[in-house]
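>>> Here is my input, please return the structure:
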Amino acid sequence: MTATTTSTSTGLPLATVRGLRVAYGDGPLVLDGVDLDLFPGELVALLGSSGSGKSTLMKSLTGFAPVNDGSVRVAGYDLTNLRHGQVRSLRASVGQIFQQFNLVGRLSVLTNVLTGALHDAGPINLGGGFTSGHRKRALELLDRVGIAHKAKDQARTLSGGQQQRVAIARALMQRPRLVLADEPVASLDPKMSHSVLELLHDIAREDGIPVLVSLHVLPLALEHSDRIVGLRHGEMVVSAPTAELDADKLEVLYAGDDEEGDDDDARRA
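Here you go, the predicted model:
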């Protein structure tokens, strides 16, 4: 099935993927002919069963997955022809948010956010410090995500939802041009999941950057995204504005998965 690549966004895409094919070593194709555009100011939900290629697609946008065929351009970088010195700059321009938060639990919330500035703090990091400007921005970001009052607390003392907000502040500390969130609410309760996705949607609109979020729960994608793209067996089979989609139209992404053992109830929770 060929996906329709319509978008309600205007202007030039920040990331463009064309005909992407990815395989690891001599293994089978994980992505097969994927096309994708990510526009400033939109939150795009990435859907698909386990093994559909969602994580590999995200990795391909930061150079962590091989590009066997096709093209990938992100923030002006051609990932099929990256020079060694460009890899760090590319990855610094992409903020990443993970399911397990990836915080250093024994460090303070403020210090965890400050680590997002490591790419541009320069030699000062040899002494383990940051500038007053970095600290001011980190506190402002903690206030933006609603947990400035936790700045001095150890990260491990926070709830899961609070830790994810710290992770979001850390990603924003990079001043990213693109944000990738890989299952950012999978370990959160429903109320906190909505709250975190609302925050990410606000960031996309207010900062004018694309936010790509992989999700498993259809109602969350339908409520909080501007556009939905969906993979099945490595192929892009859905790409449309969220307003044009519903759960029935998205079933193409999961057809037959019950026989394969996937948890359909979790997807529709």
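
>>> Can you list the residue ranges for helices in the stretch 151-269 of the chain?
Per DSSP state H, counting those that start in this stretch, the stretch 151-269 of the chain carries helices over the ranges 160-173, 190-207, 218-224, 247-250, 257-260, 264-268.

>>> where does the stretch 1-150 of the chain have low pLDDT?
1-10, 120-129 (pLDDT under 70).

>>> per the record, what domains does this protein have?
1-93+177-269, 103-175 (automatic domain parsing).

>>> how long is the shortest one from one end to the other?
Chord length of domain 103-175, first to last residue, is 18 Å (Cα to Cα, to the nearest Å).

>>> among the helices of the stretch 151-269 of the chain, which is the most enclosed?
helix 160-173 (a mean of 24; mean count of other Cβ atoms under 10 Å). Using the backbone N, CA and C atoms, a C-beta is placed for each residue, glycine as well.

>>> now that one: how far from the chain's centre is it?
The chain centre lies 13 Å from the centre of helix 160-173; the measure is Cα atoms, centre = their mean, to the nearest Å.

>>> CA-only coordinates of that helix in PDB, if you can.
Only the C-alpha atoms of helix 160-173 are listed here, as PDB (Å, rounded to 0.1, in the frame of the first residue of the first chain):
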ATOM      1  CA  GLY A 160       8.200   9.100  36.300                       C
ATOM      2  CA  GLY A 161       6.300  12.000  34.800                       C
ATOM      3  CA  GLN A 162       8.600  14.500  36.500                       C
ATOM      4  CA  GLN A 163      11.700  12.700  35.300                       C
ATOM      5  CA  GLN A 164      10.400  12.800  31.800                       C
ATOM      6  CA  ARG A 165       9.900  16.600  32.100                       C
ATOM      7  CA  VAL A 166      13.500  16.900  33.200                       C
ATOM      8  CA  ALA A 167      14.500  14.900  30.100                       C
ATOM      9  CA  ILE A 168      12.500  17.300  27.900                       C
ATOM     10  CA  ALA A 169      14.200  20.300  29.500                       C
ATOM     11  CA  ARG A 170      17.600  18.600  28.900                       C
ATOM     12  CA  ALA A 171      16.700  18.100  25.200                       C
ATOM     13  CA  LEU A 172      15.700  21.800  24.900                       C
ATOM     14  CA  MET A 173      19.000  22.800  26.600                       C
END
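
>>> average model confidence for stretch 242-262?
Averaged across stretch 242-262, the pLDDT comes to 79.

>>> starting at the chain centroid, how far to that stretch?
Counting by Cα atoms, centre = their mean, stretch 242-262 comes out at 21 Å from the chain centroid.

>>> Same question for stretch 50-70.
With Cα atoms, centre = their mean, you get 13 Å for stretch 50-70.

>>> Report how far apart the opening and closing residues of it are.
Start and end residues of stretch 50-70 are separated by 24 Å (Cα to Cα).

>>> try stretch 114-130
Its first and final residues considered, stretch 114-130 spans 8 Å by Cα to Cα.

>>> picking that back up, need the least confident one among the helices of the stretch 151-269 of the chain, by mean pLDDT.
Of all those, the minimum mean pLDDT falls on helix 264-268 (a mean of 36).

>>> For the stretch 1-150 of the chain, which segments count as strands?
In the stretch 1-150 of the chain, the strands defined using DSSP state E, counting those that start in this stretch lie at 15-23, 29-38, 43-47, 69-74, 77-78, 94-98.
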